[in-house]
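Novice: Here's my sequence, what's the structure:
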Amino acid sequence: MALRVSNRLINTLGPALPMRNATCNQRSAHSHSIAKKVLVIPAANSKISQGTISEALKNGYHIIALTSDKQKSMKIYKNTLQDTRFQVVEIGCQDYSNFDSIKQCVKEALQGKLFDQVAVVNTLGGTKSTVGAPDKENTLKVKNIDMPLGFIQGTLQATKDSAGTQSVVHISSIAASISSSVCTYAKIRRTAETRITDSVQGSQVNKVTHLRVGLVQSDIEIGKDRTPYLNSGHNHSSENWRGYPLVAVGGHDDVAVHSPVNLKDVAEGALAAAHRDFGPDHWIVDGVSKQLMTQRDYLTYFTKNKNVLCVHMPLEVLHKMTQIVADGRLQPYAIHIIEALQNNPQILDSEAFETLLGRPAKTLCDMYSNIEEFQSEGPELLTYIKELLREARANPSQLVDLAKTAIAADAWKLSLIKK
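Specialist: Residues are numbered from 1 along each chain as shown. Down below sits the predicted model:
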């Protein structure tokens, strides 16, 4: 479906976008406007997109940000909309897969301007993060292959005559770095990287970087009541468990394999990758810090209680739960990754990411060691439990199967964290 982009423009706060029937003189006038660099980024409302846009504005970029939720974008960027370098363009979510729609959308947003550099940073991808049924394989392919490819190819085609150089940065998943023959999500993520790299062969793209990220943590913000506030944008992050005396941990959790990373570092790394003149033409980078943590370490990092009881749940029980209803990190792929790491611990190397940043990546201790009190969202446990029971009642055999698995599992374990 073709877009009427000129009617979908949310905010340019500069010269209005030229209509498609603009005169030659109008187009010629725009073509003499030379700017240094422009960032084209989708999914404007995601946490990683927000962080990248903020960092890009600080570094002098012009920005074309695509969104499928206009109203939410207006709220998120209300303090940024006055910047004339910043454009937010509405596009239907399904149109990210449509090469022609993306090409038209981005080409009109360029307003005929020329740029020394076009940085295409893809933040599309992932899997269902809200309470509900897990994504099926076909849905995962659309989200992680079709949509990123449509966005990247359409953007590159739209900007090829407007740019001195083009570069592509694909925000991938750390799942792609973790070996698991049964993890569909990880295999699809790896396929996406290959397809993206192959798609730019023979083009004028200078560099392609696949930045694989996992546990991304935000910085502390100041809330409306001037109270420090922390929200990393996903359920079951460490800050969400801070007030709980009991925390669920998947499996034995004996090896430190998780390396949380700072959102600003991810943004800085993405922009550094976009204009790098070093490293391989096609580079895979694990976006991790040096701080190694077990699940238990991570989930109890902020707990305020003196003693925290950790219930180590057998992975087969968690697998059964995710087949009924998924939420946040309690997804089929997440349990497969925990299982892969438990069977074959892999310490991911932070060296390449540090090369991009030109410094060590921030750890949780770097980010939060001076914070004593803050507000945060809690994990949606009640919502998840209600949804689990609702789905199980609709199919009682699933609930019976889960109960049998829980009873038969012999890997239950309790451990105590003393603060």
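Novice: So which residues of the stretch 101-250 of the chain form helices?
Specialist: With helices called from DSSP state H, counting those that start in this stretch, the stretch 101-250 of the chain shows them at 137-141, 147-159, 184-199.
Novice: right, so of the ones you listed, which gets closest to Leu356?
Specialist: Taking Cβ to Cβ as the criterion, helix 184-199 is the member of those that comes nearest to Leu356, at 16.6 Å. (Glycine included, C-beta is placed from N, CA and C.)
Novice: Which other helices and strands does the closest one contact?
Specialist: Under the contact criterion of 3 or more Cβ pairs under 8 Å, 6 or more residues apart in numbering; DSSP states H and E, helix 184-199 touches helix 137-141, helix 147-159, strand 163-173, strand 205-213, helix 332-343.
Novice: Rebuild the ones you listed as TSV, extending it with mean pLDDT.
Specialist: Formatted as TSV, the helices and strands packed on helix 184-199 follow (pLDDT from 0 to 100):
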stretch	mean pLDDT
helix 137-141	95
helix 147-159	97
strand 163-173	95
strand 205-213	95
helix 332-343	88
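Novice: list the buried ones in stretch 252-260?
Specialist: Neighbour-count burial for stretch 252-260, counted by 16 or more other Cβ atoms under 10 Å, picks out 252-253, 256-260.
Novice: out of those, what pair is the most spread apart?
Specialist: For the buried residues of stretch 252-260, with distances taken as Cβ to Cβ, the pair at the greatest spread is His252 and Pro260 (20.4 Å).
Novice: Tell me the confidence at Thr197?
Specialist: If you check Thr197, the pLDDT there is 97.
Novice: now do Val249
Specialist: Here the pLDDT value assigned to Val249 is 93.
Novice: show me the contacts for it.
Specialist: The contact partners of Val249, by Cβ atoms under 8 Å, 6 or more residues apart in numbering, come to 295-296, 299, 310-313, 415.
Novice: just the buried members of the residues you listed?
Specialist: Buried, going by 16+ other Cβ under 10 Å: 295-296, 299, 310, 312-313, out of the contacts of Val249.
Novice: which one of those residues sits closest to Gly60?
Specialist: Distance to Gly60, by Cβ to Cβ, is smallest for Leu299 among the buried ones among the contacts of Val249, at 39.1 Å.
Novice: isn't the closest one right up against Ser238?
Specialist: Yes. Using Cβ atoms under 8 Å, Leu299 and Ser238 qualify as a contacting pair, with a distance of 5.7 Å.
Novice: hey, what's in contact with both of these two?
Specialist: Counting by Cβ under 8 Å, 6+ apart, Leu299 and Ser238 have no contacts in common.
Novice: List the buried residues of the helix or strand hosting Ala352.
Specialist: According to DSSP states H and E, Ala352 maps onto helix 351-357. Residues 352-357 are the ones in helix 351-357 that count as buried (16+ other Cβ under 10 Å).
Novice: so how far is it from its chain's centroid?
Specialist: Going by Cα atoms, centre = their mean, to the nearest Å, the spacing between the C-alpha centre of helix 351-357 and its chain's C-alpha centre is 19 Å.
Novice: So what touches that helix?
Specialist: Identification of contacts with helix 351-357 by Cβ under 8 Å, 6+ apart yields 209, 211, 261, 265, 268-269, 272-273, 276, 278-279, 283, 285-288, 360-361.
Novice: Let's see that with 7 Å instead.
Specialist: 265, 268-269, 272-273, 285-288, 360-361 (Cβ atoms under 7 Å, 6 or more residues apart in numbering).
Novice: List the buried residues for the following helix or strand past it?
Specialist: Proceeding N to C from helix 351-357, the next assigned helix or strand is helix 364-368, under DSSP H and E. Of the residues in helix 364-368, those scored as buried under the neighbour-count criterion (16+ other Cβ under 10 Å) are 364, 367-368.
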